[in-house]
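Chemist: coords below, sequence missing:
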């Protein structure tokens, strides 16, 4: 018997992402992983969703999801640099900075749509309901660590652990 596969709705995932990102210390931890270790925050949130929903995305599947976002990631990285340079503490105009933040959020949401389309194209399996997520190591974490080449970075692994420990 094969495990059931999951499909994810982009709007549902956006709401999940906003909820998780703004809870506890997830935002600052995610930003350190992004800025210091090249992690995509949307992918981190997808792995969090997998953990909370007993889903297992393997390394090959996760690499496909990440690859599907390469164009949007390049746009986001360039836009993020522009926004950071326009920060009011660096002499930028507050209104312009806020407009750039809103544009970046729209780019993030568009990237999530690409990510969810790629995720739904994969055969992501789900653990049976009788298996409690907390009682088994979810291979999605290992896939995430390997996809971003973080096996040798104790700091990155510690930050990921801190994020995971904040999930309900």
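Modeler: Received the coordinates, thanks. Here the structure is a predicted model, which is why all the values come from computation and not from measurement.

Chemist: ok, now which ones touch residue 97?
Modeler: Residues near residue 97 by C-beta atoms under 8 Å, 6 or more residues apart in numbering: 83, 86, 87, 88. (Glycine included, C-beta is placed from N, CA and C.)

Chemist: want to throw those into CSV with secondary structure, pLDDT and distance to residue 150?
Modeler: Output for those, formatted as CSV (DSSP: H, G, I helix; E, B strand; the rest coil; pLDDT from 0 to 100; distance: C-beta to C-beta, whole Å):
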residue, secondary structure, pLDDT, distance to residue 150
83, helix, 95, 26
86, coil, 95, 30
87, coil, 94, 28
88, helix, 93, 33
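
Chemist: return the members of those residues classed as buried.
Modeler: Among the contacts of residue 97, the ones that count as buried by 16 or more other C-beta atoms under 10 Å are 83, 86.

Chemist: helices or strands up against the lowest-mean-pLDDT helix or strand in the chain?
Modeler: Each helix and strand of the chain was given a mean pLDDT (mean pLDDT, DSSP states H and E); the minimum falls on strand 125-126 at a mean of 80. Strand 125-126 makes packing contacts with strand 55-56 when contacts are defined by 3 or more C-beta pairs under 8 Å, 6 or more residues apart in numbering; DSSP states H and E.

Chemist: I'd like the next helix or strand past the strand it packs on.
Modeler: Towards the C-terminus, the helix or strand next in line after strand 55-56, according to DSSP states H and E, is helix 59-67.

Chemist: run the chain-centre distance for the least confident helix or strand of the chain.
Modeler: Put simply, strand 125-126 sits 18 Å off its chain's centre (C-alpha atoms, centre = their mean, to the nearest Å).

Chemist: and which of the contacts of residue 97 is nearest residue 39?
Modeler: residue 83 (18.4 Å; C-beta to C-beta).

Chemist: tell me how far the closest one lies from residue 105.
Modeler: Counting by C-beta to C-beta, to the nearest Å, the separation of residue 83 from residue 105 is 10 Å.

Chemist: check residue 80 too.
Modeler: 11 Å.

Chemist: could you do residue 23 as well?
Modeler: Residue 23 sits at a distance of 17 Å from residue 105 (criterion: C-beta to C-beta).

Chemist: about what we covered before: and residue 80 and residue 105? Which one has more around it.
Modeler: Between residue 80 and residue 105, counting by other C-beta atoms under 10 Å, residue 80 is the more crowded of the two (16 against 11).
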